Every structure is written in structure tokens, then in C-alpha cells.
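**Student:** Please work out how this folds:
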Amino acid sequence: MPASRFATPRRWFGRLWWLIDVTRRTLFNLVFLLIVVVVIVAIVTSGPAKLEDNTALVLNLRGPLVEQHPAGMRDAAIAQLSGDAQRSTQLRDVLTVLDAASKDPKITRAVLVLDDFKGGGLAGLREVAAALQRFRASGKQVVAWGAGYDQRQYYLAAHADEVLLHPMGFVFMQGYGRYQNYYREVLDKVGVTVNLVKVGSYKNFGEPFTATGPSPESIESNGFLYNALWASYTDGVEKARKLPFGSVMAMINELPQRLTAAGGDAAKLSMDSKLVDGLKTRDELRQMMIERGAKDAEGKTFRQVSFDNYLARQKPQYVGDAIGVVVAEGEIVDGNAPAGTVGGASTAELIRKARDDKSVKALVLRVNSPGGSAFGSELIRRELELTRAAGKPVVVSMGDLAASGGYWVSMSSDEVMADPGTITGSIGVFALLPSADKALEKIGVRTAGVTTTWLAGAGDPRLPPDPRFTAVLQIAINQIYADFTNKAALARKTTPDKIDAVAQGRVWTGAQAKERGLVDTLGGYREALKSAATRAKLADDVRVVYIQPEPGRAERLLELLGAQALQSLVARFDLQLTPLGLPGQVVQEARQELGWLVDITDKRKPFSAVTHCLCGQP
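**Tutor:** Numbers count the residues shown, from 1 in each chain. This next block holds a predicted model:
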């Protein structure tokens, strides 16, 4: 009887809970269906408004010019710590937008606004300048305006039909070159010795840690490189602005006198030197563009479409034969790496992916790298070799930088194409063995122990280097250099001796490399795509697909931890540069370079063979 007494309320509560649960599920499903319907309607009905006639394309480029956006939380964390939220501009996006706009009847002109543009290397700037020329050749005008122009910004502005400058602005061109910090004395003071093993008399990566100044070979090589790049830059500007040969150098050499003659007015000096065509404020530019074109719907400015908006309107093809593009941008490291760094394993996997894709008929490797790990470089080169063996043409397109390891990855292709302004070569190998035994002695720390062989402690940074291990290391580095030059000789269809004569770690421009047989042809990214299409017997307008990694949650977390680890490593040196009142740029450069040293020390197993050129965009 008691059991039946409680059975009825239990059933009642059970039915009530069932009703609540059904109601809950129904409501959630209805909300979910409503969201799906809203999303579908938004997708179907959304899209950019149609462009009207007489629209101006505003090329408001921002950040550095890159081959591929850095895609990692590591980069975002570092940017956040430095208070820098700026984005980058992909070269391929600029080329896509300009080439599409040149054929678009709605676009009648372009306005180039470069105040937030951080520029790129000469090769990348030349690519954009060529796209501007193609746009102009279609009968459309390009107007450049800036509050001021630095050297990189002005190279693009000079290729416009009309260059305008703010009345308080100036054009600043200073030439090419760089000053390098040398840490030998400060390392001696703290008791750190950097033991350098290398092959290549021009291989100067280790000099900042082992010398107090540049070697004669470095001065010779860098001078030859920078003078050639500067000649290419000034030639491009002077031809674009129709200036007499030598005008840019004359203006720089006579700057104090010319600025005095202009009453200290830098904008007037730019006008007098014919670097710009007019002086206008931003509102005056706006009014001028209204008069030349049309007002927008609100009547407040000229009818326009931004770079990002117009890029979003370009719809990629998803079916049909294609040329696959793999980007190798940044330093080359072992293992996997996000975009912005070249992981030997991850980039090799991308090449395999392209090779296994039946729709991909040819591959273009776009290289913008100073090199890094020799092993990582070889993984990439080997995959290209297998891709060619599978019957797919491979074309290497060198961007701003394809030196040392960046050249190594280029050695298995049907064609190597470089821009005249590319920095390449630097065929050489080195290893660094920092030892801190003297630093430990300074603070009263001694290191001792028992091992079964002398190799057990070889390369331990707490101990002075064992001469036997240094000899072994030199033999190994010699062999890797021989492998480098032999592979280069095979790729270039010449002899190792002839490669060695132009190798030895020396850097060259693309034009100089062509003269010395290190590359096949001179041309840009667009020409490389055409070459790949021709080799695969495809049309010039064939579909282009970019083979890129998709980072997962774990990888993003590791990237963030990697940024923190890097900061911790650099902090070991604790140079206390900031309290000394040194400029931020000096502190940042020192931290980066000493970070390389610590990174090499931590990663060697028992040593790391490095093919890095210690070079960058000048």
C-alpha cells in the first residue's frame, strides 16, 4: 500500500519532466532552425553593392608587403605586446586587384594612398610598379597622394601618372645599406665565447658574435650588392619620373644646399626637384577627385571602392586544372611552422599535397627566405625533386630574398626565375658553438662530472670546446658545403668548382646571379605563373590555387608558448639595454640577434648546420 501511494506522484513528476524536456528541445531546435534560415538568407541576399560607373579604386595599402600573411598567435602576441596592430599586404592581392581593375569598365582611375604602407624589398616593389604600369597601359589614370613618402613608398608613387604631396610633407630617399651590431666585446666581458665553424670566406653570419667589425670580404660583398640594388632603384625612379640620369644622387648629395635654396621648405624642394607634381591637402585631393570623377551617394566624397572591398569581389575558381603555389617565406626551421616561417617538414608536406592533387598540373614555389636549417632546406628540395619525377613541372619564383637555404630549396626545378632586385646566392654553411664556461667561473660556478666517452660532454655550453669535437664539426660542415655545391652544380648543369667560384657564402642580386649562371631567367611572380602554365600546356589564365596549412588549436597554443619561450631565452642575456636609454630599434635588433645565438645553442643536436645569409630587405 505505501509503495502505490508514492507511485502516482512519481509518475506525475516523470510526465512533467518529460514535458519540460520536450519543450526545451523543441525551443532549441526552433532557435537553431531560425539561425540557419537567417544565415542562408544572409548568404543568398548578401554581397557587395554593384559598382557604379566612374568609380575610383583607392589603393590604401597597409603594413609590410609580404608573400603570405603571418598566420600565428605567436606573431599576434608579439604584436600585441609591442602595441602594434597593423596588418600586412599580400603581394598577390595587389597584383590581383590591379589586373582585375584594369579590365573593369566601372573602374576609371586609381588613387594610391601609402601613408600606412611599410614597403618591402626591391623585387616586391618592382612587381607592384609593373602592375601599376599595366593598369595605366589600359588607359586608366593613377594618382598618388601622401602626407610624405619614404624611400619604399616613393618607388611606387613615382610610377603613378601624377604624384601629389601634402604641403608639409617631404620625399625622403636615403639609399641602401645597413649597420650591423658586433657583440664580441660584450660577450667577452660576460665570459661567453662563440666558436665559429664555417665554409665560405664571404659567409658572414657569425661575424657579429666573433668579431668587432666587418671583414674585408663582407665589405666587398655587401658594397657590390647594395650598389647594384641602388642603381636599379634610382634607374626605376628616374625613368618613371622622366628625370635625367643621376638626378636622385645629385639631389641627395646636394641636399643641404638645395633645402637652403628652398627656404627650408621640404615640400617645395620636392616640387623643384620634379619628384612630385603638386602640393595638396587631403580635402583638396578629395575635391579634385570629385571634379574628375563623380560624387558618392552621400555627396561627401568621390565615388570609390577600397582595396579590401574590391579584393573581396574577386571570386576564385574552384574547378578545373590548376597551377599550385606553395609559399616559402621566412626563416627555414626543422619540423612544422606556421605561415611566416618555413617549416622543413610542413612545407614538404604542402608540396606532397600539391603533387598528389590530380587537378594541380604544375607547381610554383615562391621563395622569400634568408635560409636557416640545412636539413629543413633539403627536405623541401627533395620533395620538389619527387614532384618533377612525378611528371609535374616545377618553377621556382624568387621574391625579395632567396639566399643560402633559400637558394638550397630552389635547386630542384625546371626553371629558377629571379627578379633583378632579388637577393640570392650565399651558398655557404656554418655552425656556432657558444660556450659559457668563463661566464660561470665569474659567478663561482664550476662544472665537473664523469662520462664514458669524450663525446658525452661535447658541445656542452658549460664547458670549453673540445678540439676533437671542433675538428669533427669542421669535417661535417665541409661535407654539407660539398653537398650544397654538388647539388647546385647538378641543378645548374655545371661543375662544383665553377659553383664554388661564385659561392663561398657571397650574396648577389638576381641580375648578378643570372650573369653567373645561378638562375635561369629574370622575371617576376606573374612571369613564373605563365612559365609554369606553358610547361604544363595550360592557358595563361589557368586557375591558381595556394596550398597553405590550416593551423589547429594545439598548434596555435604552441605558437603562443613559443613566443613566451623566445622572450625567456633572450632574457637570459639580460643586457639591460633599455635602462641605458638606447633607442627601441637598437634594443629590438640586439634582442633578435642574440636570440638567434641562444636558439642555435638550445637546438643543436649535437650541432646545427645552418645555411643563413644574415641578410634582409635593405
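
**Student:** quick one: low-confidence parts of this protein?
**Tutor:** 1-17, 19, 21, 27-28, 30-48, 71-86, 550-609, 614 (pLDDT under 70).

**Student:** At the geometric centre of it, which residue sits there?
**Tutor:** residue 66 (4.5 Å; C-alpha atoms, centre = their mean).

**Student:** Need phi/psi at that one.
**Tutor:** The phi and psi values for residue 66, taken as degrees, to the nearest 10, are phi -130, psi 160.

**Student:** For the remainder of this discussion, apply numbering that starts at 43.
**Tutor:** From this message on, residue numbering opens at 43, which makes the last subject residue 108.

**Student:** Tell me which residues touch the residue nearest to it when sequence neighbours are not counted, please.
**Tutor:** In this structure, residue 108 finds its nearest non-sequential neighbour in residue 130, 4.6 Å apart by C-beta to C-beta, 6 or more residues apart in numbering. Placement of C-beta: from N, CA and C, glycine included. Neighbour list for residue 130: 104-108, 111-112 [criterion: C-beta atoms under 8 Å, 6 or more residues apart in numbering].

**Student:** do that again at 7 Å, thanks
**Tutor:** 105-106, 108, 111-112 (C-beta atoms under 7 Å, 6 or more residues apart in numbering).

**Student:** Out of these, which comes closest to residue 234?
**Tutor:** Taking C-beta to C-beta as the measure, residue 234 lies nearest residue 112 of those, at 31.2 Å.

**Student:** So that closest one, which state does it fall into?
**Tutor:** Put simply, residue 112 is coil when judged by DSSP: H, G, I helix; E, B strand; the rest coil.

**Student:** In space, what's closest to it - neighbours in sequence excluded?
**Tutor:** residue 382 (3.3 Å).

**Student:** wait, is the one you found part of a helix?
**Tutor:** No: counting by three-state DSSP, residue 382 falls outside a helix, being coil.

**Student:** pretty sure it contacts residue 109?
**Tutor:** No: checked against C-beta atoms under 7 Å, the pair residue 382 and residue 109 is beyond contact range at 9.7 Å.

**Student:** From residue 557, how far off is residue 213?
**Tutor:** Residue 213 sits 32 Å away from residue 557, taking C-beta to C-beta, to the nearest Å as the criterion.

**Student:** Equivalent analysis for residue 419, please.
**Tutor:** 24 Å.

**Student:** on that earlier part again, in terms of neighbours, single out the busier of residue 382 and residue 109.
**Tutor:** Shown here are residue 382 and residue 109; by other C-beta atoms under 10 Å, residue 109 has more neighbours (25 against 20).

**Student:** For that one, what are phi and psi?
**Tutor:** The phi/psi pair for residue 109 (degrees, to the nearest 10) is phi -80, psi -30.

**Student:** so what's it closest to, chain neighbours aside?
**Tutor:** residue 371 (4.5 Å).

**Student:** Could you pull up the contacting residues of that neighbour?
**Tutor:** Applying C-beta under 7 Å, 6+ apart to residue 371 gives the contacts 108-110, 382, 384, 410-411.

**Student:** Please enumerate the strands of the stretch 243-392 of the chain.
**Tutor:** Counting by DSSP state E, counting those that start in this stretch, the stretch 243-392 of the chain has strands at residues 320-321, 346-348, 364-371, 374-375, 384-385.

**Student:** For the last one, give me every contacting residue.
**Tutor:** Spelled out, that is strand 384-385. Identification of contacts with strand 384-385 by C-beta under 7 Å, 6+ apart yields 370-375, 377-379, 411, 418.

**Student:** These, buried ones only, as a ChimeraX selection?
**Tutor:** Buried residues among the contacts of strand 384-385 (16 or more other C-beta atoms under 10 Å), as a ChimeraX selection:
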select :370,371,372,373,374,375,378,379,411,418
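
**Student:** Looking at the contacts of strand 384-385, which is nearest residue 576?
**Tutor:** The closest of the contacts of strand 384-385, once distances to residue 576 are taken by C-beta to C-beta, is residue 370, at 22.5 Å.

**Student:** Now that residue 175 has come up, it's in contact with residue 201, right?
**Tutor:** Yes: the criterion here is C-beta under 7 Å, and residue 175 meets it with residue 201 at 6.3 Å.

**Student:** Isn't residue 105 up against residue 129?
**Tutor:** Yes: shown here, residue 105 and residue 129 form a contact pair, counting by C-beta under 7 Å, at 4.9 Å.

**Student:** higher neighbour count, those two?
**Tutor:** Neighbours per residue, other C-beta under 10 Å: of residue 105 and residue 129, the larger number sits with residue 105, 18 against 14.

**Student:** Quick check: closest non-adjacent residue to the more buried one.
**Tutor:** Counting by C-beta to C-beta, 6+ apart, residue 105 lies nearest to residue 130, which is 4.2 Å off, once chain neighbours are set aside.

**Student:** Residue 262 versus the one you found, what's the distance?
**Tutor:** 34 Å.

**Student:** Let me know how buried residue 565 is, in neighbour terms.
**Tutor:** 20.

**Student:** Angles on the backbone of the residue nearest to residue 105, please.
**Tutor:** Backbone torsions of residue 130, given as degrees, to the nearest 10, read phi -110, psi 170.

**Student:** so the residue lying closest to residue 570 once chain neighbours are set aside, which of the three states?
**Tutor:** Nearest non-adjacent residue to residue 570, counting by C-beta to C-beta, 6+ apart: residue 439, 3.5 Å away. Under the three-state scheme (three-state DSSP), residue 439 adopts strand.
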